[in-house]
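Enquirer: Sequence plus predicted model, see below.
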Amino acid sequence: MLFTSYSFMGFLLVLFCLYYIIPAKHQWKLLLLASYIFYFLAKPIYLIYILVTTVSTWFAGIQIDKVQNTQKAYLAEHKADLDKETKKQYKASMKKKTWHWLLACLLFNLGILAVVKYTNFTISNINSLVQLFGGKPLSFINIIVPLGISFYTFQAMGYIIDVYRGTSKAQTNPFRFALFVSFFPQLVQGPISRYGDLHESLFAEHSFDGKNVAFGLQRILWGYFKKMVIADRMLIGVNTLIQNPDRYSGAYAFAGMLFYALELYADFTGGIDITIGVAQVLGVKVTENFNRPYFSKNIKEYWNRWHITMGSWFTDYIFYPISVCKPMLKLSKHSRSLLGESIGKRVPIYLSSFIVWFTTGIWHGASWNFIVWGLGNWVVIMVSQELEPLYAKFHNRFAVKDKFGFRLFQVIRTILLMSSLRMFDCYRDVPLTFRMFGSIFTKFNWNVLWDGSLLNIGLSALDYGILSAGVVLLTTVSLVQRTGSVREKIHKKPYWLRAAVWYGLFLCVLLMGAYGIGYDASQFIYNQF
Amino acid sequence: MKKKRWLTIVLTAILILGSLFLLQKLLMPKYVADVVEGAFIAEYYQEEKNHDVVFIGDCEVYENFSPITLWQEYGINSYIRGSAQQLIWQSYYLLEDTLRYETPQVVVFNVLSMKYNEPQKEAYNRMSIEGMKWSMSKVKSIQASMTSRENFLDYVFPILRYHSRWSQLTEDDLKYMFQTKQVSHNGYYMRVDVKAAGEIPEGKPLADYQFGENAYTYLDKMTALCKEKGIQLILIKAPSLYPYWYDEWEAQIEQYAEDNDLLYINYLELVDEVGIDFTQDTYDAGLHMNLSGAEKLSHSFGQILSEEVQVPNRSGEAHLQEIWKEKIAAYEAEKQEQFTKYSK
C-alpha cells in the first residue's frame, strides 16, 4: 500500500475514525492491528519476518531485564555482606550473561537482514572472483526481501542495545513491543525511532485534539505536495537522463545530478512528513528526521540534518562502541607510538568512521554503488576535517565567515558535493557514475541547459514552471522554519486566510500532482532500503 | 459562539465542495470539438425514450447506420447506443441501463467486439462509461472494464483522472461546463467525406480463433436479458473491411445465432446486394461508412426490420413527427455544413 495510493488514504480514514471512537485504552491495540494489516497487504509472507524479529528481540529483552533485575535484587540484598571486589566480579558475571543475550539477539536478527539482503550480493562478488580464475559461478538464490526490513531491524536492535545498556526498560508486553517494531507509518522508510522516544506516546491513551489532528493532516498534505507535485514530476526527467547515459552526458549529467538531489529530497522528506503527520493525527510523537539539510554549510553538518535518526543510530550503536572497544584502544596505543601523537590519534577515529560509512553505504543497498557512495562521504568528511586548520587560517586572514555571500557559497558547495556523491545512488553503477561525473568536466555541452534541450527529457516548460515554483515554496518554508513552526505561524492567522492557505495547497496537490493515468505510480525511494 | 463556529465550518465545507464540483465540471473533457464519440453515451438521456429499435455496439453501429434514414424511409423510431471500441460487457451494461428507461421491440448488436475478451484501453473505457448515468449497471460496467492501471475512484470523482487537464483548457471547456452540444443524430456519427478503400490485406493468421469465455458470457447475458424482456435480439456484422473478420469468427457467430434462435446478418456478405461502393461509401478506406454508405446500409436494414421483423411504421404519429422533424433539420444542416467543409 503506497502512501500515495487511494487505498492507503482510505485505510487512514477508517483508522482515524475508529481510533477516536473506540475506548482510548484499546487505541494501541487498534494500531497494532492496523500495522499488521498494512504489512500483510504488502505481502503476507513479510509478516513471518517481522514476527521473528519481534519475538526474538522481545524475548532477549526480557531475559536481559531479568538478569539485570536479579543483579539489582541480589546487590540490594547483600549490600552489607559483599566487598568491592566480589561485587565487581558478580557484576561482571551478570554483565556477561546479558552480553550473551544481546549478542545472540544481534547476530540472529542482523543475520536475517544479512541473509535476505546481502546473500545475492555476496554470491555476485564471489562469482566475479571465481570467473577470474575460470571457475563455475554459483547460482543466485530466490529470496524475498521484506519491505522496510532495514528500518524495523535497526529499530529493534536499537531497543535491545538500549535495554542492555540500561537506558530503556524492557517491554514486558509482547504485543506492545510488536507495535513498537511494526508501527505502520514508519515501517517502510523510517524514521528509525528509539524506544525511549516513542513508547510513551505510542501506548498512551489519546483523546481527540482538534488542533493536533489538524496539524497532522496539514503535515500529511505538505508531504503529498513534496512527493506528488515535485518528486514524482522530477522523476520523469531523472529517469530519462539516467536511463540513457550515452545520450545524456556532460551538462545533462550535471542537470540530472541536481534534479536527482531535488527529487530525493522531496521524495524522502515528503514521505517522512506523511509519516510524522499520520502519527500526529494518532497522537503519537515520532522523532524528526530532517532539519533543513540543504542549508548545511558543510558535509558534517549536512549529515547531522539529513536522515537524522539513521545518522544518530550509526553514531550511538556503531561508531561509539567501536571507538571505545578494546581492540580499537589497543590500536590507538600502537598507532600513537608508531606514528606519533598527531597522526596516531587519528587512526582509530578514521577506522571507526570508515566502518560506519561502509555500513551506512551497504545499509542503503546491497551493491557496490552504495558502498562507494558511503565511502565517498567518509573521504569528504575526513578531508574536510584535515583541512580545518587551513580553513581557520583563511578565516583569520579574511573576515568573510559571517558574510551572506560566503555562507551562500558554503551552502551551494555542500549541495554540489552531496549531489555529486548521490550520483552513485542515481546511476547505480560505479564505473558509469565515474564516467558520467567525468563527462561534466570533459564534454562541453553547457548550451543544453538553456537551448531548450531539457524540454526533450519528458518535462515540459510547464513542468519546469511547477518545479521552480515548488523549489521556491520549499525554500521559503525552510527559511520561515528557522524561527519556528510554520504551521503554528499559519495557525495564528485569521481563519479564512489559513483555510485559503491549506485549501490552496490541497488544490496544488490535486491539480498538479503527478498521479493517475499518464504518470507512473512511483514508490518512495527509501522504501527500497 | 458555538453557533458561529458551526456556521463557519458548514460554510467552509460548502465552499470547498462547491469549488471542487465546479473544477471537476471544468476539467472533464467536453467532447464537442475533437473526438466527439465521447459525448454519444450521455446524449441518450436527453431523448424521449420510446424507441422500437436500439442499436448497441461500437463504431460499426454508430458510423454505419443512420436512424434518420430508418425514420424517413420506414418510420422506424430507433436509437444507437454506441461508442468507440465499446467492449461487449460495456454493451451489455449499456443495454441494462437502456432497459431501465424503455423496452424496445428489437435490439441490434454488432458482433465485432466479440474479439475482445479483456479490458483494452482506458481512453475508450472513459468514452463508453463516463456518459452513463449512475446505476448498478454503470458500476458493474466500470468493474468489468477497468485496465490494471485504472481505479474505480477515478470514475466516481473524475477530477482525479482529469486533474492535469488545466493546462489544456479551451474556451469550449468553459462554454460547455453546464450545457452540452448535440454531436450525434440519435447516436449516429455523420461523416460525408470520401476516402476510397484500397487493397485490403488478408487478416494475419491468429494463434487462436476461438472467441473468449468472457465475451461469450456477456453475449449469453445479452441474449438472456432480451429473452426475459421479450425483446428480439438481432446480431449483425457491419460491412467494415477492417478490422478483418475471420471465417472462423463468422462460423462461431453463425453457430451461436442458430443455437439461440437469433437472426444474424453479416453485411460483409451483402455488400453488392446493399449497393455499397467502397470507392464512394467510406470515409476512411473501408473501416467505416460515410453518410452515403450508412444511408444505403440503413435502407437495406430498414427493409428487414420493417418486413421481416415487423417493426411498426410510426411515421403517422404526430408527436414523433414533431420530434423527428427537428432531428431531420439538424441532420440536413450538418450534412450541408460538412459538404461545404469537405468540398473546399
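Expert: Thanks, I have the structure now.

Enquirer: give me the element the residue of the stretch 201-344 of chain B found nearest chain A is part of.
Expert: Closest residue of the stretch 201-344 of chain B to chain A, Cβ to the nearest Cβ: B:Asn214 (22.8 Å). Heads up, the C-betas are built off the backbone N, CA and C, glycines and all. B:Asn214 belongs to helix B:213-229 when elements are defined using DSSP states H and E.

Enquirer: Now do the buried residues in that helix.
Expert: For helix B:213-229, the buried set under the neighbour-count rule, 16 or more other Cβ atoms under 10 Å in any protein chain shown, comprises B:Asn214, B:Ala215, B:Tyr216, B:Tyr218, B:Leu219, B:Lys221, B:Met222, B:Thr223, B:Leu225, B:Cys226.

Enquirer: Could you tell me how far that helix lies from the centre of the chain?
Expert: 18 Å (Cα atoms, centre = their mean, to the nearest Å).

Enquirer: and that helix, what's its mean pLDDT?
Expert: The average pLDDT for helix B:213-229 rounds to 95.

Enquirer: Check stretch A:1-17 too.
Expert: On average, the pLDDT along stretch A:1-17 is 91.

Enquirer: Report the distance from it to the chain centre.
Expert: Counting by Cα atoms, centre = their mean, stretch A:1-17 comes out at 23 Å from the chain centroid.

Enquirer: And B:Ile236, which helix or strand is it part of?
Expert: Applying DSSP H and E, one finds B:Ile236 within strand B:232-237.

Enquirer: Can you list the neighbours in contact with whatever helix or strand comes next after that strand?
Expert: On the C-terminal side of strand B:232-237, the closest following helix or strand by DSSP H and E is helix B:247-259. Here helix B:247-259 makes contact (Cβ atoms under 8 Å, 6 or more residues apart in numbering or on different chains) with B:111, B:114-115, B:209-211, B:216, B:219, B:235, B:237, B:262-264, B:266.

Enquirer: Return the subset of these lying in strands.
Expert: B:Leu235, B:Lys237, B:Leu263, B:Tyr264, B:Asn266 (DSSP state E).

Enquirer: who wins for neighbours among the residues you listed?
Expert: Within these, B:Leu235 tops the neighbour count with 24 neighbours, counted by other Cβ atoms under 10 Å in any protein chain shown.

Enquirer: circling back to that earlier point, relative orientation of the helix holding B:Asn214 and helix B:247-259 in degrees?
Expert: For helix B:213-229 against helix B:247-259, the angle by axes from the mean of the first three to the mean of the last three Cα atoms, to 10 degrees is 30 degrees.

Enquirer: And the helices in the stretch 101-250 of chain B, which stretches?
Expert: B:122-129, B:136-145, B:152-156, B:159-162, B:171-175, B:213-229, B:247-259 (DSSP state H, counting those that start in this stretch).

Enquirer: Tell me which other helices or strands the fourth one touches.
Expert: In this case it means helix B:159-162. Here helix B:159-162 touches helix B:2-27, helix B:152-156, going by 3 or more Cβ pairs under 8 Å, 6 or more residues apart in numbering or on different chains; DSSP states H and E.

Enquirer: picking that back up, A:Val278 is nearest to which of the helices of the stretch 101-250 of chain B?
Expert: For A:Val278, the closest of the helices of the stretch 101-250 of chain B is helix B:152-156, at 19.9 Å, according to Cβ to Cβ.

Enquirer: pLDDT (mean, whole number) over stretch A:412-421?
Expert: Stretch A:412-421 comes out at a mean pLDDT of 94.

Enquirer: Mind listing what's buried along it?
Expert: Neighbour-count burial for stretch A:412-421 flags A:Thr414, A:Ile415, A:Leu417, A:Met418, A:Ser419, A:Ser420, A:Leu421 (criterion: 16+ other Cβ under 10 Å).

Enquirer: mind exporting stretch A:491-501 as CSV, just the C-alpha atoms?
Expert: Only the C-alpha atoms of stretch A:491-501 are listed here, as CSV (Å, rounded to 0.1, in the frame of the first residue of the first chain):
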residue,chain,number,x,y,z
HIS,A,491,-2.5,28.9,12.8
LYS,A,492,-2.2,32.3,14.3
LYS,A,493,-3.6,33.9,11.2
PRO,A,494,-7.3,34.7,10.7
TYR,A,495,-9.5,31.7,9.9
TRP,A,496,-10.3,32.5,6.3
LEU,A,497,-6.6,33.2,5.5
ARG,A,498,-5.4,29.9,6.9
ALA,A,499,-8.3,28.0,5.3
ALA,A,500,-7.2,29.5,2.0
VAL,A,501,-3.6,28.6,2.5
